[in-house]
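> test case, fold it:
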Amino acid sequence: MKASGTFEVDLHALALHDAADGTLGRRAIDKRFSGDLVATSVGEMLSAGTAVQGSAGYVAIERVSGTLAGRAGGFTLQHSGTMTRGTPQLSVSVVPDSGTGELSGLCGTLAIRIEGGRHFYDFDYRFDA
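A predicted model of the protein is given here:
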């Protein structure tokens, strides 16, 4: 199954355990999804920059609560992204067995697009028994 829509995201800086050499970052994530997924999410992101312009990496975990195609519940998304001299690579997937309520058994991957300053998602998902 496929779901698509838009989302708004707010990122807020958080304190690091160890600021090291200044290349690490930590942010709180607050999102609002609309479209086939009507939900909010909260999470945390860790990032690492480099001395090379356009190269970086991040990981994040976010807990999503709301409705997907009319089914109410929650699930957790895991992000892993890199930027290699401006070329992005991103993987966002549902954490296995994290679905609750009517979203129990949810599996899938979510793709993020940014066009004209707006955030879009395309969510390929299924329900395992």
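> residue 13 reaches residue 29, doesn't it?
No - the pair residue 13 and residue 29 does not pass the contact test of CB atoms under 8 Å, sitting 11.7 Å apart. The way it works is simple: take the backbone N, C-alpha and C, and place the C-beta from them, glycine included.
> tell me which of those two has more neighbours.
Set side by side, residue 13 and residue 29 show more neighbours around residue 29, with 19 against 9, by other CB atoms under 10 Å.
> so who does that one touch?
9-11, 41-45, 60, 62 (CB atoms under 8 Å, 6 or more residues apart in numbering).
> mind checking which of those residues are buried?
The neighbour-count test (16 or more other CB atoms under 10 Å) marks 41, 43, 45, 60, 62 as buried among the contacts of residue 29.
> secondary structure class for the residue of the chain positioned farthest from its centre?
If you look at how far each residue of the chain sits from its centre, by CA atoms, centre = their mean, the farthest one is residue 21, at 26.3 Å. Classification of residue 21 into helix, strand or coil gives coil, according to DSSP: H, G, I helix; E, B strand; the rest coil.
> and it, how far from residue 49?
Taking CB to CB, to the nearest Å as the measure, residue 21 falls 10 Å from residue 49.
> likewise for residue 83?
Using CB to CB, which is the criterion applied here, residue 83 is 9 Å from residue 49.
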